[in-house]
Structures are given as structure tokens and as C-alpha cells.
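K.L.:
Kindly generate the corresponding structure for this input.
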Amino acid sequence: MENSTSQTPLADDGGSLRGRFNEATDEFVQVFTASIDFDQRLYREDIAGSIAHATMLETINVLTKAELDQIVTGLQNIQAEIESGRLQWRVDLEDVHMNIEHRLIELIGDTGKKLHTGRSRNDQVATDIRLHLRSSIDGLVEQQGQLLTALADLAESNADTIMPGFTHLQAAQPITLGHHLMAWFEMLRRDRERLMDCRKRLNQLPLGAAALAGSPYKPDRGLVAELLGFDGVCDNSLDAVSDRDFAIEFCAAAALSLTHM
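P.N.:
Here you go, the predicted structure:
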């Protein structure tokens, strides 16, 4: 397992096969273990997390200002390459993190190897996922807010529009269309509140936990949390890198929303 402070660019504490065996990896195994086909969507979060991490490393004197500028510029150029379709994703590099890191070293040389100082693939992945889900929640909450406003306006304009009410598929008491629409309003409001509540728990920074037990570089986790918009930091390093309950909670909240569509 990789030391959490390693500066080796292609070492992977998460289990890179190349880091565990001397012989070349079989092509089928490379494809089977690679996640790049689907985790490349995390490139924005990965780059944002890396820029924040590098900024923190400069404040604790691990990087010089010149090295920080090199890394930030290199990462920004990589993001431009990805968004223009010029970056060629490599299956042999397994995931989005290693692809970006490898490209950074190609662009700026050995300085790029310093980016991984004080962090692990474990806390990097956990951070990327939290950032991605937070962004997804923010987008959904905004859209739900717009829908709730539209429903409330439509219900108000139909406060006196009479329609039949049904129970057990049979006609029951007469109701208004506005009353009917406000039933959907209440359901969707609860959906929105569930997502917002989920956001509170996932918006804690795991970066700094390293592989599982922290880093001897004593990273300023509070600074990284502030730069990335987290409300705070994960208190226990083992929990920070091992648990994905926040992701399951997001899936559950999203699934409940679908029952009201």
C-alpha cells in the first residue's frame, strides 16, 4: 500500500495493479479494473480538489509559490483540454485521477509529482464524490424550487376551479384544482427538504485523512474546506475514507422524488 505522503505520480493506494506486481498487466484485466469510462465525469471536482490541495501545500511550505503557479496553470490547461475533447483518456491509467495526474506531469515535469504529497487516492476519491453529489443536489434543489413556485402560482390561479376528487378510484368529494395541485406541492417540498438534509451530512471534507490515518505533513484541512465550500471536516479519518453512506442517502432521496413524478 502506498505511503500517504508518497510523491510517486502513478502509485495508487487504492490498489493499482501496476503498483503491486512486477509484470505488465494483462489487457483484459486493465479494461476490467479501469473506471475511466464512467468516472471521467468527475474531472471538474478532481481538478478543483487538486487546486485547493496545492494551495494548502503552499501555505504550509511544501510547495513554493512558483511550483503552485505551475500546478494550477497545468491543471487549468488540462481542464481546457478535457472540455475541448483534446485529452485522450487512457484505460491503462485506470481512473480520472491518474489520467489527470499523469497529464500534469507530462505538462510541467517533476513539479507535478509533488501534487500528491500529503494525500491519498482514498481521500481524493471520497472528496471528488462528495463534491459531485453536492453539485448534483444543488442543481436538483434549484430546479425543484422553480417547480414549486410554478405549482404554487398555478394552484393560486385555480383556487376556485372545481374538479372531482377520487378515493380508491371512485368519485368522492368535489375539490378544487388548486387544492389538488398543492398536494403535489407538499410532496415535492418534502423531496426537496430530504435532498437539502442529505447535503448537510455529505458537505464535510474527507481530504487530509490520507490513506486511512492522516498525514505527517499536518495539512490545514480548514483552509481546504473553506476553499472547496465544505461546512467542516470529517472528524475521523477511518470513517472519512471508508464510508459512502452519504451516497446511498442521496440515491434514496432521489428515488423517493421519482415516486412523485
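
K.L.:
Please enumerate the strands of this protein.
P.N.:
For the chain, the strands defined by DSSP state E occupy 162-167, 170-176, 204-205, 232-233.

K.L.:
other SSEs contacting the last one?
P.N.:
For strand 232-233, the elements it packs on are strand 204-205, helix 221-228, judged by 3 or more CB pairs under 8 Å, 6 or more residues apart in numbering; DSSP states H and E. C-beta coordinates here come from the backbone N, C-alpha and C atoms, glycine included.

K.L.:
Can you tell me which of the ones you listed is most buried?
P.N.:
Looking across those with neighbours counted as mean count of other CB atoms under 10 Å, the highest average goes to strand 204-205: a mean of 22.

K.L.:
for that strand, what is the average pLDDT?
P.N.:
For strand 204-205, the mean per-residue pLDDT is 98.

K.L.:
Tally up the residues packed near residue 129, please.
P.N.:
19 (other CB atoms under 10 Å).

K.L.:
got the contact list for the closest residue to it other than its chain neighbours?
P.N.:
Spatially, and ignoring its direct neighbours in sequence, residue 129 is nearest to residue 247 (6.3 Å; CB to CB, 6 or more residues apart in numbering). Contacts for residue 247 (CB atoms under 8 Å, 6 or more residues apart in numbering) come out as 129, 133, 202.

K.L.:
where's residue 247 relative to residue 130, distance?
P.N.:
According to CB to CB, to the nearest Å, residue 247 stands 9 Å off from residue 130.

K.L.:
which residues do the two both contact?
P.N.:
Both residue 247 and residue 130 are in contact with residue 202, where contact means CB under 8 Å, 6+ apart.

K.L.:
Let's see which of the contacts of residue 247 end up in helices.
P.N.:
Using DSSP state H, 129, 133, 202 are the members of the contacts of residue 247 that sit in helices.

K.L.:
Tell me the one among the residues you listed nearest to residue 45.
P.N.:
Proximity of the ones in helices among the contacts of residue 247 to residue 45 (CB to CB) peaks at residue 129, which lies at 8.0 Å.

K.L.:
Residue 57 against residue 111, yeah?
P.N.:
No. Counting by CB atoms under 8 Å, residue 111 is not a contact partner of residue 57; they are 11.4 Å apart.

K.L.:
neighbour count winner among those two?
P.N.:
Ranked by neighbour count (other CB under 10 Å), residue 57 and residue 111 place residue 57 first, with 24 against 19.

K.L.:
mind giving me the domain split of this structure?
P.N.:
With domains defined by automatic domain parsing, the chain comprises 17-117, 122-209+234-258.

K.L.:
and those domains, which one's lowest on average pLDDT?
P.N.:
What stands lowest among those, in mean pLDDT terms, is domain 17-117, with a mean of 89.

K.L.:
What's the local residue count around residue 177?
P.N.:
For residue 177, the neighbour count with other CB under 10 Å is 16.
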